[in-house]
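Participant: Coordinates for the following, if possible.
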Amino acid sequence: MTAFRAAIFDLDGTLADTLADIAAAMNHALAALGLPTHDLTAYRRFVGEGVEQLAARALPADRQELRPALVERYIARYADVLLDASRPYDGIPELLDALAARGVALAVLSNKPDPATQRVVAGLFPAGRFATVVGRRPDLPRKPDPHAALAVATELGIAPADFVFVGDTAIDMRTAVAAGMLPIGAAWGFRPEELAANGARIVASRPAEVLRAFDGA
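Facilitator: Residues are numbered from 1 along each chain as shown. Here you go, the predicted model:
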């Protein structure tokens, strides 16, 4: 029997490849303001810390005063395209099935705004797959602050030490460490180079390797 009873997953770059839709929405918003756009690779570096930071990184350094306008346009456009190209990563549905079969409680915690988080999860995964889904909300600080992760643990009635936290960036690993959860790095995601240096205890090259934490391998 494993001590781990629950798993929190990041969304973008961990459960689903959402990068093309994020990039398309932000490039549309930038172009609407007459600003230069970015290629898909750049967005791997831009995402992970919420919409405000995404906008700040997408803007030229000397045009940061346009951040509120860019955020507004991005959110509106993303609502229209957020399921156009986004898909679960190969192996994720099977991983979630295997964890559910073990009786593991599953949750999602994202820095993406909560309305978009809810829509992406509902659009890509079966209803009821996750016990709780939490995006960026005004009442919870964004990752890497651990409060949202700890709120998930409280909601599920499971001690933080009984959780694994699966994510693809330094932000996720630092969140897991701060919350007292086992950090598992998703090397199939957006920034695998950040994982080991920021506390990942397991770096999984594919989703099935997450099961090592539950099977004692």
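Participant: And the helices in the protein, which stretches?
Facilitator: Applying DSSP state H to the chain gives helices spanning 19-32, 40-46, 51-58, 67-81, 92-101, 114-124, 147-156, 170-179, 212-215.
Participant: Pick the most deeply packed of those helices.
Facilitator: Comparing those by mean neighbour count (mean count of other CB atoms under 10 Å), helix 170-179 comes out on top with a mean of 24. To be clear about C-beta, it is placed using only N, CA and C from the backbone, and glycine gets the same treatment.
Participant: correct me, but Phe4 touches Asp215?
Facilitator: No. Using CB atoms under 8 Å, Phe4 makes no contact with Asp215, being 10.1 Å away.
Participant: Please name the residues that touch Ala159.
Facilitator: Neighbour list for Ala159: Ala153 [criterion: CB atoms under 8 Å, 6 or more residues apart in numbering].
Participant: So what does the residue with the largest distance to the centre of the chain look like in phi/psi?
Facilitator: For the chain, the largest distance from the centre (CA atoms, centre = their mean) belongs to Gly34, which lies 29.5 Å off. Here is the backbone geometry of Gly34 (degrees, to the nearest 10): phi 70, psi 30.
Participant: any idea how far Asp97 is from Ile202?
Facilitator: Distance of Asp97 to Ile202, given as CB to CB, to the nearest Å: 20 Å.
Participant: Also Arg174?
Facilitator: Using CB to CB, Arg174 is found at 16 Å from Ile202.
Participant: next one: Val210
Facilitator: From Val210 across to Ile202, the span is 8 Å (CB to CB).
Participant: Who has more neighbours out of these two?
Facilitator: More crowded of Val210 and Ile202, by other CB atoms under 10 Å: Val210, with 24 against 18.
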